[in-house]
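1. coords please:
(chains A, B, C and D)
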Protein chains: 2
Amino acid sequence: MRERDEQKQKVIKEKAMQMIVKLGIEGFSMQKLAKAANVSPATIYIYFKDKEDLILQLSKETGDKMMEMTFKNFDPSMNFSEGLKLQWMNRAKYCLKYPEHSMFLEQIRHSALHDKFMSTMGANFKANMHAFMANAIKRKELVKLPVEVYWSIAFAPLYNLIKFHMSGKSMGGQKFVFSEKIMMETFELVLKALQP
Amino acid sequence: MRERDEQKQKVIKEKAMQMIVKLGIEGFSMQKLAKAANVSPATIYIYFKDKEDLILQLSKETGDKMMEMTFKNFDPSMNFSEGLKLQWMNRAKYCLKYPEHSMFLEQIRHSALHDKFMSTMGANFKANMHAFMANAIKRKELVKLPVEVYWSIAFAPLYNLIKFHMSGKSMGGQKFVFSEKIMMETFELVLKALQP
DNA sequence: CAAATATAAATGAATATTCATTCACTTAAA
DNA sequence: TTTAAGTGAATGAATATTCATTTATATTTG
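-> Numbers count the residues shown, from 1 in each chain, chains lettered A, B, ... in the order given. Now for the predicted structure:
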């Protein structure tokens, strides 16, 4: 019996991600992928049921790693400003260390596959965040508000900065580069909004 | 000489937008569009140079209308909290009145055509926003900060709420419906962050 | 005023390419 | 020797775009 060449699967996944990031899902095809990964189109079908399965598997792995890094060293019982800051740092670190992965996830988020992807995503992420919020509100370190409002203020600004950074420019087309200084300046204002 | 049936072009554009919103750019094709709009594929090429031209024209028109509504009754010399509130109201109104248009623009924003689209977009939008910021800072109604930080705090939370609303759910997959109450609650916190 | 002409709109079928996927086959190694 | 990995070429459907015609109508003629 011949063994699977796991290296081969790795190359297929890497090239698939690169291709989706560069060309969008609309520009991604199995035949182009086969060429880029130096395998026969048929080989891809040994490792993945079909195109959708390939993209979903890739999404799940990437999403899991992102979640793992986001909650590294995090505990829902943490003091609010510390806990939020840790999450900002973790998220930023992930996006800057793996820009390709985070751009890939962004593509998935805006594709027709988004729902199928989300249904595989962590339920304990939700639990974690709720516990963190509830603790912070009880300790009067956070104003009382709906989760959606909380999330929108606590994280949307960070993701927006990262989006500017990724595209290399902000709204007018002006150049923009992310820095810890800019991030912390933004963080302090967000904290001001959320603290009682 | 036979005249162009402008109604026909209108139907083509409407169906194109619907199709892109429903299926994503990756699921959009000229032949499917022809069928949906009840015209011959060749007819589309009378009105548009090619597929890209069609999408870009549609994007430009949609983007222009969005900008127009966003800055309705707005003046950069307005008092800060009033001016920002007006923009929030205008943006929310646009997204809720034309959900299809705003979802379409969201698709374009995350497609390979995004750069070409942005290059056609308003330069006076940039000027407007800068003037508004500068005035507000001078009057000490807004803390001094880089445009990117300003934008990320001033608008990203609103767009995030709208995104939740459009998808009908928030982060955990929980149901979510936008309301003016929720919006104003968020707005007040954003204001707290941005005011000195 | 009506018939003829000119012109561009509109078309359905065709083209050449690319797509996802499968098949009959070869190759490596347990 | 057996088993599954791996293949290149094929399949049939879908893709963007064009072609040779037909159709409608504004203008020009008789």
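2. element containing the residue nearest the centre of chain A, please.
-> Compute the mean C-alpha point of chain A, and by C-alpha atoms, centre = their mean the closest residue is A:S102, 4.8 Å away. Element membership for A:S102 (DSSP states H and E) is helix A:99-109.
3. that helix vs chain B: in contact?
-> Yes: interface with chain B: helix A:99-109 contributes A:106-107, A:109 (C-beta under 8 Å from any C-beta of the partner chain). Any C-beta I mention is one placed from the backbone N, CA and C, and that applies to glycine too.
4. may I see the buried residues of that helix?
-> Counting neighbours by 16 or more other C-beta atoms under 10 Å in any protein chain shown, one finds that the buried residues in helix A:99-109 are A:101-108.
5. swap in stretch A:26-43?
-> A:26, A:28, A:30, A:33-34, A:37, A:39, A:43.
6. next: stretch A:164-182.
-> A:164-166, A:169-172, A:176, A:178, A:182.
7. starting at the chain centroid, how far to that stretch?
-> Here the centre of stretch A:164-182 is set off from its chain's centre by 18 Å, with C-alpha atoms, centre = their mean, to the nearest Å.
8. can you tell if the lengthiest helix in chain A touches DNA strand D?
-> Looking across chain A with DSSP state H, the single longest helix is helix A:51-70. No: for a cut-off given as C-beta under 7 Å from any atom of the strand, helix A:51-70 has no contacts with DNA strand D; the smallest distance is 12.1 Å.
9. can you confirm whether that helix lies near chain B?
-> No: judged by C-beta under 8 Å from any C-beta, helix A:51-70 makes no contact with chain B; its nearest approach is 10.7 Å.
10. report the mean per-residue pLDDT for that helix.
-> For helix A:51-70, the mean per-residue pLDDT is 96.
11. near DNA strand D, which residues of chain A?
-> Residues of chain A lying near DNA strand D by C-beta under 7 Å from any atom of the strand: A:1-5, A:8, A:39-43, A:46.
12. near DNA strand C, from those?
-> Applying C-beta under 7 Å from any atom of the strand to these, those adjacent to DNA strand C are A:1-3, A:40-42.
13. and of these, the nearest to A:S119?
-> Set against A:S119, the nearest of these by C-beta to C-beta is A:P41 (28.4 Å).
14. apart from its chain neighbours, what residue comes closest to that closest one?
-> A:A34 (4.2 Å; C-beta to C-beta, 6 or more residues apart in numbering or on different chains).
15. where exactly do the helices run in chain A?
-> Under DSSP H, chain A gives helices at A:6-23, A:30-37, A:41-47, A:51-70, A:80-97, A:99-109, A:114-118, A:123-138, A:147-154, A:156-167, A:180-194.
16. please see if stretch A:140-159 touches chain B.
-> Yes: judged by C-beta under 8 Å from any C-beta, stretch A:140-159 comes into contact with chain B through A:143, A:145-149, A:151-153, A:155-159.
17. counting neighbours, which of those residues comes out on top?
-> Counting neighbours by other C-beta atoms under 10 Å in any protein chain shown, A:P157 comes out on top of the residues of stretch A:140-159 next to chain B with 29 neighbours.
18. please name the residues that touch the closest residue to that one other than its chain neighbours.
-> Ranked by C-beta to C-beta, 6+ apart and with sequence neighbours excluded, the top spatial neighbour of A:P157 is B:S152, at 4.1 Å. Neighbour list for B:S152: A:156-158, A:160-161, A:164, A:186 [criterion: C-beta atoms under 8 Å, 6 or more residues apart in numbering or on different chains].
19. how does it look with 10 Å?
-> A:156-164, A:170, A:182, A:186, A:189-190, B:145-146 (C-beta atoms under 10 Å, 6 or more residues apart in numbering or on different chains).
20. flag whichever of the residues you listed scores worst on pLDDT.
-> Where pLDDT dips furthest among the contacts of B:S152: A:S170, at 80.
21. my guess is that residue meets A:I162, correct?
-> No: with contact defined as C-beta atoms under 10 Å, A:S170 does not count as touching A:I162 (11.7 Å).
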